[in-house]
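**Student:** Need the 3D shape of this:
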Amino acid sequence: MDIVCLDLEGVLVPEIWIAFAEETGIEELKKTTRDEPDYDKLMNYRIQILKEHGLGLKEIQETIEKIDPIPGAKDFLDRLRTLTQVIIISDTFTQFAKPLMKKLGWPTIFCNSLEVGKTGEIIGYKMRCEKSKYTTVKALQSIGYDTIASGDSHNDLGMIEASKAGFLFKSTEQIKAEYPQYPAFETYEELLKAIREQLGEDD
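**Tutor:** All right, here's what the predicted structure looks like:
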């Protein structure tokens, strides 16, 4: 039995923090997991910048409401879900994800949660589990699934490496150069074709 595990940001929707950086004009918030492999370091950096600028969850959610999926993402996801089970495994947070899941047709997502203060400030975050993407695909494998994974960033490499097939999607030139063993695609048609082949499906 197969199950496809997809990253969210950069694969199906634009990067939330980049959108918020552009909305607020805070250039420092454009740093993502493509740039910083250490997620704990990255999130603490973001939380500190938000604190310095007096920004909280409400302001980020207002930006998220304006974000649409990457063109073609919903159609890709709809077609993929007719072929096999799909789970989005993301390092984003439940407080961010809901409006985006609505626009994508309510796929299943496993993500993390923010710790929010009484006045809406983000004071911390709670990871669902350690190395959540890698841990999740290993757990799925332990209950009888073969996983096929795709993502764009450093934090996706664990689940890609652990899966029976893994693909980079809309990744950086640096990551593609560092991990040439993983096929890299730029279009949903290419990615769907590669997944179909792994599933033994004809076009």
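**Student:** and the longest helix for the protein?
**Tutor:** Counting by DSSP state H, the longest helix found in the chain is helix 39-53.
**Student:** Mind jotting down where the strands sit in the chain?
**Tutor:** Assigned by DSSP state E, the chain shows strands spanning 2-6, 85-93, 108-116, 122-126, 146-151, 165-169, 184-185.
**Student:** Ok, which of those comes nearest Val13?
**Tutor:** strand 85-93 (9.2 Å; C-beta to C-beta). For glycine as for every other residue, the C-beta is placed from the backbone atoms N, C-alpha and C.
**Student:** Name the residues that touch that closest one?
**Tutor:** 2-9, 12, 16, 33, 39, 77, 80, 97, 107-114, 125, 127, 132-133, 136-137, 140, 145, 155, 159 (C-beta atoms under 8 Å, 6 or more residues apart in numbering).
**Student:** Can you flag the buried ones in these?
**Tutor:** Buried subset of those (neighbour count, 16 or more other C-beta atoms under 10 Å): 2-9, 12, 16, 33, 39, 77, 80, 97, 107, 109-112, 114, 125, 127, 132-133, 136-137, 140, 145, 155, 159.
**Student:** got the CA coordinates for stretch 20-34 in PDB?
**Tutor:** Extracted C-alpha coordinates of stretch 20-34, given in PDB (Å, rounded to 0.1, in the frame of the first residue of the first chain):
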ATOM      1  CA  PHE A  20       4.500  38.100   5.700                       C
ATOM      2  CA  ALA A  21       7.900  39.600   5.300                       C
ATOM      3  CA  GLU A  22       6.700  41.300   2.100                       C
ATOM      4  CA  GLU A  23       3.500  42.500   3.700                       C
ATOM      5  CA  THR A  24       5.400  44.000   6.700                       C
ATOM      6  CA  GLY A  25       8.600  45.100   4.900                       C
ATOM      7  CA  ILE A  26      10.700  43.100   7.400                       C
ATOM      8  CA  GLU A  27      13.400  41.600   5.200                       C
ATOM      9  CA  GLU A  28      14.800  39.400   8.000                       C
ATOM     10  CA  LEU A  29      11.600  37.300   8.000                       C
ATOM     11  CA  LYS A  30      12.300  36.100   4.500                       C
ATOM     12  CA  LYS A  31      14.700  33.400   5.900                       C
ATOM     13  CA  THR A  32      13.200  29.900   5.500                       C
ATOM     14  CA  THR A  33      14.200  26.300   5.900                       C
ATOM     15  CA  ARG A  34      15.800  26.600   2.500                       C
END
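**Student:** re the thing from before, run through the neighbouring helices and strands of the longest helix of the chain.
**Tutor:** In terms of contacts (3 or more C-beta pairs under 8 Å, 6 or more residues apart in numbering; DSSP states H and E), helix 39-53 is packed against strand 122-126.
**Student:** What is the strand it packs on packed up against?
**Tutor:** Right, strand 122-126 is packed against helix 39-53, strand 108-116 by 3+ C-beta pairs under 8 Å, 6+ apart.
**Student:** Averaged pLDDT, it. What do you get?
**Tutor:** In this model, strand 122-126 carries a mean pLDDT of 94.
**Student:** Now do that strand: distance to the chain's middle.
**Tutor:** Its chain's C-alpha centre and that of strand 122-126 lie 18 Å apart, by C-alpha atoms, centre = their mean, to the nearest Å.
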